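**Student:** Sequence first, predicted coordinates after that:
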Amino acid sequence: MSRPDLASWRLTPAQISLLLTVVVGIIAGLSAVLFALAIDGAQHLFFGATPSVWRLIAVPALVSVLTGILLVRVFPGVRGSGVPQTKAAYHLKSGVIDPMVPIGKFITGILCIGSGHSIGREGPSVQIGAGIASWAGQWLRLPEANIRTLVPVGASAALSAAFNTPVAAVIFTLEEIIGDLNAPLLGSAVLSSVTAVVVARSILGNEPLFHVPQYELLHSAELLAYVALGLIAGAASVAFSKGMLRARRAFLDLPPSTRMWQPAMGGLAIGLLLVFVPEVAGVGYGYVDQALNGGLLLQTMLVLCVVKMVATIVSYSSGNAGGVFAPTLYFGAMLGGAVGLIAREVFPFPVGEPGAYALVGMGALFAGIIRAPMTSVFMIFEITQDYAIIVPLMVANMLSLGISRRYQRVPLYEAFLLQDGVHLPKTAASAESSAGWRAVDVMSSQVPWADPGLTAAGMLDAMPPDAAAMLVGTPDTVRGLARRDHLESQVAAGRGADPVTALPLEACPHVHADHSIDVVIERLRQSCGMVPVLARSDVQRVEGVITRDTIVGILVPDETTSRT
């Protein structure tokens, strides 16, 4: 299929941008709708109306064997949620996403979620929509800057169609993907989001995702119950985040040869859980709706909350394709509903319906785990269309977010990227070119590499006299950093014939190419005299090194230059 010649269209850049925004909104909205329908169809195909015990055990494990092969051999870039990967593509790759990513996410997401894994469809929908938008920009041969602006457009459109909340989808894109609520892409994101939700509602109807009761604050002291809910939600957010990261680290530390079979390991564990608690399979929005309308008992909600957390940790950490967006709302609803039922029994004054607490619980867990508090507020408001619930929601959100930030400092999506060796800029603005000297301006591409087979004494002899450290390995296989003072101590202790113990690069003071000269100098003070410059997209890739000499050589003119 030949690419169109944009110049022949005789359209202004603004008109082309407007047209692309609408087209991307339509296609991304359709993809999200088809994704949701295909997941429901797959779940019905795999399990039927009344699945047997053996089917509950066998389906997640056997289907995960297939998805494990696909995730390793065919679509290696589509594991997990999709939101962190979309952020990385936006900030580090100028919005360029491999066209195979949305295809792979669509296929593996259907298989993983449809086979009963406790993961959500919203995160994958974001990556699918962003991938479609990026592919459109690449197909049209747009400049990288324009491709980058299309990624949030596709992401907000897909999320809007998937969750039927256009305003919350835009806020989530600005808050989580871009990292800047004042981003100039607001207009495009709004247009694509509205376009996508119109497409979704024309296909699925205007029925809301959840049916919620009318909220009413029966007594002013009832806010104390929402304070308790916020505190409990914060503790639950920390427990879930830490549990998830530890489990994911355990799977990542397994031998690389097991990577293909890790989803099946998780699938077998999920199958065994489904035998006892089948309600935690898949997205589970039907049970969320029951919690919102007071259709579940206290004990049931507590059990579902705990088991859903465990199931989500197992499904996600084992490398399946799916997100944590929907599970967060699931156990938030269960936890909130349980608190509402307890409040009815404990407090001596009138207390509102448990469904109202379930709704606030959804928002509080979302704020604590996803760290997108503004998205949480707008999402719950769009679901209820009721301003009265905003006050208790903001109280619970504030407390949950504060506790989560205090005891789990790195947000979950960012922590996923750090585990994968990807370091995002601290702010959206830092991803852009900035004035002043940066690490890339003062680094040397002549990297001193040392043979990893050397002994401590051999490496000490091979190290240049003025070098304080050397990188161990090759550009393709980095082992770490060997410091002169450590080698001298090892030789002095009589262990000079032992192999070199290299420090992991990410554990040493290091910088990235876009860091300012102030950061570079501070890291040099903390180091042994040499700071490696690591790629943000892969901290095992060394782009250069910085020493005091490289800085002086760049910033201070040499004698020849000064005479000239």
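**Tutor:** Nice, I can see it.
**Student:** Please count neighbours and contacts with C-alpha atoms only from this point.
**Tutor:** Noted.
**Student:** Grab the longest strand from the protein for me.
**Tutor:** Selection of the longest strand in the chain by residue count, based on DSSP state E, yields strand 538-547.
**Student:** Now that strand: buried residues?
**Tutor:** 539-547 (16 or more other CA atoms under 10 Å).
**Student:** go on, stretch 212-219?
**Tutor:** 212, 215, 217.
**Student:** Packing partners of the longest strand of the chain?
**Tutor:** strand 530-535 (3 or more CA pairs under 8 Å, 6 or more residues apart in numbering; DSSP states H and E).
**Student:** Could you check the angle the strand it packs on makes with strand 538-547?
**Tutor:** Computed by axes from the mean of the first three to the mean of the last three CA atoms, to 10 degrees, the angle separating strand 530-535 from strand 538-547 equals 140 degrees.
**Student:** which element is the residue nearest to Ile177 when sequence neighbours are not counted on?
**Tutor:** Setting aside the residues directly before and after it, Ile177 is nearest to Lys87 in space (CA to CA, 6 or more residues apart in numbering), at 5.0 Å. According to DSSP states H and E, Lys87 maps onto helix 83-92.
**Student:** Please enumerate residues in contact with the next helix or strand after that helix?
**Tutor:** Using DSSP H and E, the next helix or strand after helix 83-92 towards the C-terminus is helix 100-114. Identification of contacts with helix 100-114 by CA atoms under 8 Å, 6 or more residues apart in numbering yields 35, 38-43, 46, 60, 63-64, 67, 70-71, 74-75, 77-79, 119-121, 124, 127-129, 131-132, 282-283, 320-322.
**Student:** and what of stretch 479-498?
**Tutor:** 452, 455-460, 467-473, 500-505, 508, 528.
**Student:** Pull out the buried residues from those residues.
**Tutor:** In terms of neighbour count (16+ other CA under 10 Å), the buried residues within these are 452, 455-460, 468-473, 500-502, 505, 508, 528.
**Student:** Quick one: list the elements packing against the lengthiest helix in the chain.
**Tutor:** Longest helix of the chain, by residue count under DSSP state H: helix 13-47. On a contact count with 3+ CA pairs under 8 Å, 6+ apart, helix 13-47 meets helix 53-69, helix 100-114, helix 122-139, helix 144-163, helix 186-204.
**Student:** Among the ones you listed, which comes closest to Leu524?
**Tutor:** helix 144-163 (33.1 Å; CA to CA).
**Student:** mind listing what's buried in the closest one?
**Tutor:** Buried-residue list, helix 144-163, by 16+ other CA under 10 Å: 144, 146-163.
**Student:** repeat for stretch 189-209
**Tutor:** Here stretch 189-209 shows 189-201 as buried, counting by 16+ other CA under 10 Å.
**Student:** Of these, just say which sits nearest to Ser404.
**Tutor:** When the buried residues of stretch 189-209 are compared against Ser404 (criterion: CA to CA), the nearest one is Ala189, at 28.7 Å.
**Student:** Now the closest one: closest residue in space, sequence neighbours ignored.
**Tutor:** Val153 (4.8 Å).
**Student:** then stretch 22-41 to CSV, C-alphas only?
**Tutor:** Coordinates of each C-alpha in stretch 22-41 appear next as CSV, following Å, rounded to 0.1, in the frame of the first residue of the first chain:
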residue,chain,number,x,y,z
VAL,A,22,-10.0,12.5,14.3
VAL,A,23,-8.8,9.5,12.3
VAL,A,24,-6.6,8.2,15.1
GLY,A,25,-9.5,8.7,17.5
ILE,A,26,-11.8,6.6,15.3
ILE,A,27,-9.4,3.8,14.7
ALA,A,28,-8.1,3.7,18.4
GLY,A,29,-11.7,3.7,19.6
LEU,A,30,-12.6,0.8,17.3
SER,A,31,-9.5,-1.1,18.5
ALA,A,32,-10.5,-0.7,22.1
VAL,A,33,-14.1,-1.9,21.5
LEU,A,34,-12.9,-4.9,19.4
PHE,A,35,-10.4,-5.7,22.1
ALA,A,36,-13.1,-5.7,24.9
LEU,A,37,-15.5,-7.8,22.8
ALA,A,38,-12.8,-10.3,21.8
ILE,A,39,-11.8,-10.8,25.4
ASP,A,40,-15.4,-11.5,26.4
GLY,A,41,-15.7,-13.9,23.5
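**Student:** Any idea how far it is from the middle of the chain?
**Tutor:** Relative to its chain's centre, stretch 22-41 lies at 21 Å (CA atoms, centre = their mean, to the nearest Å).
**Student:** if I look at Pro509, how far off is Gly114?
**Tutor:** Separation of Pro509 from Gly114 (CA to CA, to the nearest Å): 44 Å.
**Student:** hang on, I meant Thr21
**Tutor:** 31 Å.
**Student:** Next: Ala456.
**Tutor:** For Ala456, the distance to Gly114 - CA to CA - is 54 Å.
**Student:** same thing with Ala14?
**Tutor:** According to CA to CA, Ala14 and Gly114 sit 41 Å apart.
**Student:** So which of these two has more stuff around it?
**Tutor:** Gly114 (28 against 9; other CA atoms under 10 Å).
**Student:** Let me know the pLDDT of that one.
**Tutor:** At Gly114, the predicted lDDT confidence score is 96.
**Student:** Same question for the one 10 residues further on.
**Tutor:** For Pro124, the model assigns a pLDDT of 95.
**Student:** repeat for Gly205
**Tutor:** For Gly205, pLDDT reads 84.
**Student:** if we can go back for a sec, filter the contacts of stretch 479-498 down to the ones in helices?
**Tutor:** Using DSSP H, the contacts of stretch 479-498 in helices are 456-460.
**Student:** Tabulate the residues you listed in CSV, adding columns for distance to Ile270 and pLDDT.
**Tutor:** Shown next, in CSV, are those (distance: CA to CA, whole Å; pLDDT from 0 to 100):
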residue, distance to Ile270, pLDDT
Ala456, 47, 83
Ala457, 51, 86
Gly458, 51, 86
Met459, 49, 84
Leu460, 52, 84
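**Student:** what's in contact with stretch 414-422?
**Tutor:** 84-85, 88, 245, 249, 423-424, 536-540.
**Student:** Over to stretch 70-83?
**Tutor:** 100-101, 104-105, 108, 123-127, 177, 259-260, 316, 319-324, 413.
**Student:** and it, how far out from the chain's middle?
**Tutor:** 13 Å.
**Student:** same question, stretch 32-49
**Tutor:** 24 Å.
**Student:** Ok, stretch 79-88 next?
**Tutor:** 5 Å.
**Student:** Report the rounded mean pLDDT for it.
**Tutor:** Mean predicted confidence for stretch 79-88 is 93.
**Student:** Using PDB, list the CA coordinates for it.
**Tutor:** Extracted in PDB, the C-alpha atoms of stretch 79-88 (Å, rounded to 0.1, in the frame of the first residue of the first chain):
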ATOM      1  CA  ARG A  79       4.600  -8.100  28.200                       C
ATOM      2  CA  GLY A  80       2.900  -6.400  31.100                       C
ATOM      3  CA  SER A  81       0.600  -3.400  31.200                       C
ATOM      4  CA  GLY A  82       1.600  -1.300  28.200                       C
ATOM      5  CA  VAL A  83       1.400   2.000  30.100                       C
ATOM      6  CA  PRO A  84       5.100   2.100  31.200                       C
ATOM      7  CA  GLN A  85       6.200   1.100  27.700                       C
ATOM      8  CA  THR A  86       4.100   3.900  26.200                       C
ATOM      9  CA  LYS A  87       5.700   6.400  28.600                       C
ATOM     10  CA  ALA A  88       9.100   5.200  27.600                       C
END
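**Student:** got the buried residues for that stretch?
**Tutor:** 79-88.
**Student:** Please apply the same query to stretch 34-44.
**Tutor:** Buried residues in stretch 34-44, counted by 16+ other CA under 10 Å: 34-36, 38-40, 42-43.
**Student:** ditto for stretch 129-142
**Tutor:** 129-138.
**Student:** what comes into contact with it?
**Tutor:** Contacts of stretch 129-142 (CA under 8 Å, 6+ apart): 3-6, 24, 27-29, 31-32, 86, 95-99, 101-102, 146-148, 150-158.
**Student:** and what of stretch 53-68?
**Tutor:** 46-47, 108, 111-112, 115-117, 259-268, 270-272, 274-275, 320.
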